[in-house]
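In: Make a model of this:
(one chain, ligands or ions: 2)
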Amino acid sequence: MEKIIVRGGNRLSGIVKVEGAKNAVLPVIAATLLASDGKSVIRDVPTLSDVYTINEVLRYLNAEVEFNNNEVTVHASRELRDEAPFEYVRKMRASSLVMGSLLARNGRARVALPGGCAIGSRPIDQHLKGFEAMGATVKVGNGFVEAEAANGRLHGAKIYLDFPSVGATENIMMAATLAKGTTILENVAKEPEIVDLANFLNKMGAKVRGAGTGTIKIEGVDQLFGTEHQIIPDRIEAGTFMVAAAITGGNVLVKGAVPEHSTSLIAKMEEMGVTFMEEADGIRVIGPEQLKAVDIKTMPHPGFPTDMQSQMMALLLHANGTSVITETVFENRFMHAEEFRRMNADLKIEGRSVIMNGPSNLQGAEVAATDLRAAAALILSGLVADGVTRVTELKHLDRGYVNFHEKLAALGADIERISEVDETTLIETYIKDMNA
Ligand SMILES: CC(=O)N[C@H]1[C@@H](OP(=O)(O)OP(=O)(O)OC[C@H]2O[C@@H](n3ccc(=O)[nH]c3=O)[C@H](O)[C@@H]2O)O[C@H](CO)[C@@H](O)[C@@H]1O
Ligand SMILES: C=C(OP(=O)(O)O)C(=O)O
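Out: Numbers count the residues shown, from 1 in each chain. Ligands and ions are numbered 1, 2, ... in the order given. Down below sits the predicted model:
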C-alpha cells in the first residue's frame, strides 16, 4: 500500500508551478471527438490518472490518441463507436462527458450510468433533459443511458437548467455545436473551465457565445475540425498550494495562478489574514502568524468552490476562533471531517454545515483519503500537525494532483511517499516460497 508520510512543523517557501486544469482538460479531450477532420493538439495537459482514463475512453471509441510531454494529440476522423462502457465510467464520472460529442457526431450514444461517489449521489438528469429538448429519445436501463437523435441529428432548443451544473452545461454545449439550428442554454455554469471549453469549440469551428455568463447561445454548424489549444491553469491546484503557504505561515509564489479565477478564495483567505501579491508570473501568498476564523458557503462559480472546501477545512481548523463551512453543492462532501477528527480536530457536523473551534491541537495519525481534495486536505493538515501523519488511499490524490508530495518537498515540507508491503502480502509470499 502506498502512503504519504508528513512530519509537521516546516514553513514553506519558494516557487511552485501550477499544472493545466484537470476539470478543463477532461471536457476538452471529450470535445475532440467532434472533429471529423484534422487532428487536435492539446497543450499543458497534466499527467493525471483521470487524463489517462479519458484517453482510454477515446481509444475505445476508435479515436487515435497520443499523450507525450504534456501534449495530447487526437485524430477522431474515423467512424466512432457509440458506447462508453462501465469499466471507464466507474473509474471516472467525467467519462460521461463523451455523451454530448458522440450524440452530435453519431446521432446515437450509449454510456454507462455514472452512479454516485464519495461526495454525493451526482445524477445526470439535467444533461438528459438537454438532450431530450434537442430531439433525442433517451432511455435509461440496465445501467446505461441510451440517447438517439431523430433522423440522426439533434436540433436547436431553448433549455433552462434547474441548477448551473458544470457537466450538464458542457455536455449540452458539445451536443449543440453540430445540431441543426440554435440552442439557447439558460442558468448555465460560469466556471472558467466552461469558458475554456467554449474557446476550444470555437477554434474547432463552432459558434458558441456567452460562455462565462448565465446564458450560452450555440448556433449549430455542419462540421468541426481539429485544432490546437492550451489548457488554462488549474485554479484548484493553485488554491491548494495557496492554503499550503498560508497554513504553514510561509511565503510561496504560486506560478501560473490566475487571480480572476480564484476571486472568492483569495477574498476569504484575505479575511483570514493571509497576504496576496500579484506578480508578473503568478500570485505570491504569505501566511500570517495567526489565522482568523471565517465562515464559508460553497456555491457555483463565482461563489466559493466546493473543490476547495476540504482544503479550507484544514486551514480553518488551524485558525483562531469558531468557523462554519456550509456545503451547498454536494449533499455528502464531509467524509474528510471524520478523518480530521482522527487527527484531534475539534469539529461538529450539523446537517450541511461543519462547525470548527480553532485552533485545533492537530496530532499526526494514520488517515485515509476519501476523495481527491480530501487527500490534499489531510496532507495540508499534516504540515502543521504535531508528529507524523500517514495518508493512505492515494489513488484519489493521483486523480487530481501531479507529484504533490514532490512539489511540497521542494517548498521545504518534510514529506515522502512510500510503498509499504502489507502484512497479508508478506504472509502470502512466505507461504508461496515455502511451497515452491
Ligand atoms: C470533471 C469536473 O469538472 N468535475 C467538477 C464538476 O463536476 P460535475 O460536473 O459532476 O458537477 P455539477 O456541477 O454537475 O454538479 C453540481 C450539483 O448538481 C447536481 N446535479 C448535476 C447534474 C445533474 O444533471 N443533476 C444534478 O442534480 C449534482 O448532484 C451536484 O449536487 O463540477 C463540480 C462542481 O463545481 C466540481 O466539484 C467537480 O470537480
Ligand atoms: C470532485 C472533483 O472531480 P470529479 O468531478 O472528477 O469527481 C474534483 O475535482 O474535486
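
In: Measure how buried the nearest residue to H75 once chain neighbours are set aside is and give me the count.
Out: Closest residue in space to H75, ignoring its immediate chain neighbours: E64 at 4.1 Å, by Cβ to Cβ, 6 or more residues apart in numbering. Backbone N, C-alpha and C define where each C-beta goes, glycine included. Residues lying near E64 (other Cβ atoms under 10 Å) number 13.

In: just use 71 as the starting number from now, easier for me
Out: Yep, numbering from 71; the last one is E134 now.

In: pretty sure E134 contacts V144?
Out: Yes - between E134 and V144 there is a contact under Cβ atoms under 8 Å: 7.0 Å.

In: Sticking with S334, tell me its helix or strand.
Out: According to DSSP states H and E, S334 maps onto helix 333-341.

In: next structured bit after that helix?
Out: In N-to-C order, the element after helix 333-341 by DSSP H and E is strand 345-349.

In: how about that following strand: buried residues?
Out: Of the residues in strand 345-349, those buried by neighbour count under the rule 16 or more other Cβ atoms under 10 Å are F346.

In: chain center to the helix or strand following it: distance?
Out: Per DSSP H and E, strand 345-349 leads on to strand 352-356 as the next helix or strand towards the C-terminus. In terms of Cα atoms, centre = their mean, to the nearest Å, the centre of strand 352-356 is found 22 Å from the chain centre.

In: can you tell me if the helix holding S334 touches ligand 2.
Out: No - counting by Cβ under 6 Å from any ligand atom, no contacts exist between helix 333-341 and ligand 2, the nearest distance being 13.8 Å.

In: Quick check: pLDDT value at the residue nearest to G373 when sequence neighbours are not counted.
Out: Once flanking residues are discounted, G373 sits nearest to S334: 6.0 Å by Cβ to Cβ, 6+ apart. Note for S334: predicted pLDDT of 98.

In: Starting from ligand 1, give me the distance back to the residue of the stretch 321-470 of the chain found nearest ligand 2.
Out: Nearest to ligand 2 in the stretch 321-470 of the chain, going by Cβ to the nearest ligand atom, is D377, at a distance of 3.8 Å. D377 sits 5 Å away from ligand 1, going by Cβ to the nearest ligand atom, to the nearest Å.

In: What of A439?
Out: From A439 to ligand 1 the distance is 15 Å (Cβ to the nearest ligand atom).

In: just checking, that residue touches E463?
Out: Yes - A439 lies in contact with E463 (Cβ under 8 Å); the separation is 4.2 Å.

In: joint contacts of the two?
Out: Listed as contacting both A439 and E463 by Cβ atoms under 8 Å, 6 or more residues apart in numbering are A445.

In: Between these two, point out the one with more neighbours.
Out: Between A439 and E463, counting by other Cβ under 10 Å, A439 is the more crowded of the two (25 against 18).

In: thinking again about what came up before, kindly list the main-chain dihedrals of the residue of the stretch 321-470 of the chain closest to ligand 2?
Out: Dihedral angles of D377 (phi, psi; degrees, to the nearest 10) stand at phi -70, psi -10.

In: ok, how many other residues are close to it?
Out: D377 - counted by other Cβ under 10 Å - has 25 other residues nearby.

In: any idea which element the residue lying closest to it once chain neighbours are set aside lies in?
Out: Leaving aside its sequence neighbours, D377 sits nearest to I306 (Cβ to Cβ, 6+ apart; 4.6 Å). Per DSSP H and E: I306 is located in helix 305-317.

In: on contacts alone, who are the packing partners of the very next helix or strand once past that helix?
Out: Next in sequence after helix 305-317, counting helices and strands by DSSP H and E, comes strand 321-325. Secondary-structure packing of strand 321-325 (3 or more Cβ pairs under 8 Å, 6 or more residues apart in numbering; DSSP states H and E): strand 83-87, helix 305-317, strand 352-356.

In: pLDDT weak spots in the stretch 221-370 of the chain?
Out: Counting by pLDDT under 70, the stretch 221-370 of the chain shows no low-confidence range.

In: Closest residue of it to ligand 2?
Out: Nearest residue of the stretch 221-370 of the chain to ligand 2, counting by Cβ to the nearest ligand atom: I306, 6.2 Å away.

In: quick one: that residue from A435, how far?
Out: 25 Å (Cβ to Cβ, to the nearest Å).

In: Those two - which one has more neighbours?
Out: I306 (24 against 20).

In: Go ahead and confirm that one touches G470.
Out: Yes - I306 sits in contact with G470 when judged by Cβ under 8 Å, with a separation of 7.3 Å.

In: any shared contact partners between the two?
Out: Contact with both I306 and G470 is made by residues K92, R443, according to Cβ under 8 Å, 6+ apart.

In: What is the neighbour count of the residue nearest to I288 when sequence neighbours are not counted?
Out: Spatially, and ignoring its direct neighbours in sequence, I288 is nearest to A246 (4.0 Å; Cβ to Cβ, 6+ apart). Counted with other Cβ under 10 Å, the neighbours of A246 add up to 32.
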